[in-house]
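Peer 1: model this:
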Amino acid sequence: MIDKEKFHHFNYIKKEELSGSMEGMRYMIKKISQGEEDKLQAIIWQGPLNYIKTPEDKKIKIELPFSPEGVAMAADWINEQYEADKAKWEKGKSLL
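Peer 2: Take a look at the predicted model:
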């Protein structure tokens, strides 16, 4: 589980995509631009494949405010998604 109290990556995400994994669930948090507004996008997918090799229809995405609070919301969402379907994510550890 992501500990959002220790998950302070907003300054990093301003410039780079943040990716990681948790028990077979892969995730990415990145900045996206919509017109003149920046948003935070959190994406999850089942491992073991990386983001590029995973088909788009296998990724789950959410858009959040581009702020430190948005990063905390992303951490909460990733944790909720993991808890909601643990068996699926854990299966991702052994698919290769």
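
Peer 1: any idea which helix or strand comes after the longest helix anywhere in the chain?
Peer 2: Longest helix in the chain, counting residues (DSSP state H): helix 68-84. Next helix or strand after helix 68-84 toward the C-terminus (DSSP states H and E): helix 86-91.

Peer 1: where does pLDDT dip in the protein?
Peer 2: 95-96 (pLDDT under 70).

Peer 1: let's go with 90 and repeat that
Peer 2: For the chain, applying pLDDT under 90 flags the ranges 1-12, 34-35, 90-96.

Peer 1: and the strands in it?
Peer 2: With strands called from DSSP state E, the chain shows them at 18-22, 25-34, 37-46, 60-65.

Peer 1: tabulate the CA atom coordinates of stretch 4-15 in CSV.
Peer 2: Taking Å, rounded to 0.1, in the frame of the first residue of the first chain, the C-alpha atoms of stretch 4-15 are listed here in CSV:
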residue,chain,number,x,y,z
LYS,A,4,0.2,9.0,1.3
GLU,A,5,1.8,10.7,4.3
LYS,A,6,5.2,9.8,2.8
PHE,A,7,4.2,10.1,-0.9
HIS,A,8,5.4,13.6,-1.5
HIS,A,9,6.3,13.6,-5.2
PHE,A,10,4.5,16.6,-6.6
ASN,A,11,7.7,18.5,-7.4
TYR,A,12,9.0,15.4,-9.2
ILE,A,13,5.8,14.9,-11.2
LYS,A,14,6.0,18.6,-12.4
LYS,A,15,8.8,17.5,-14.6
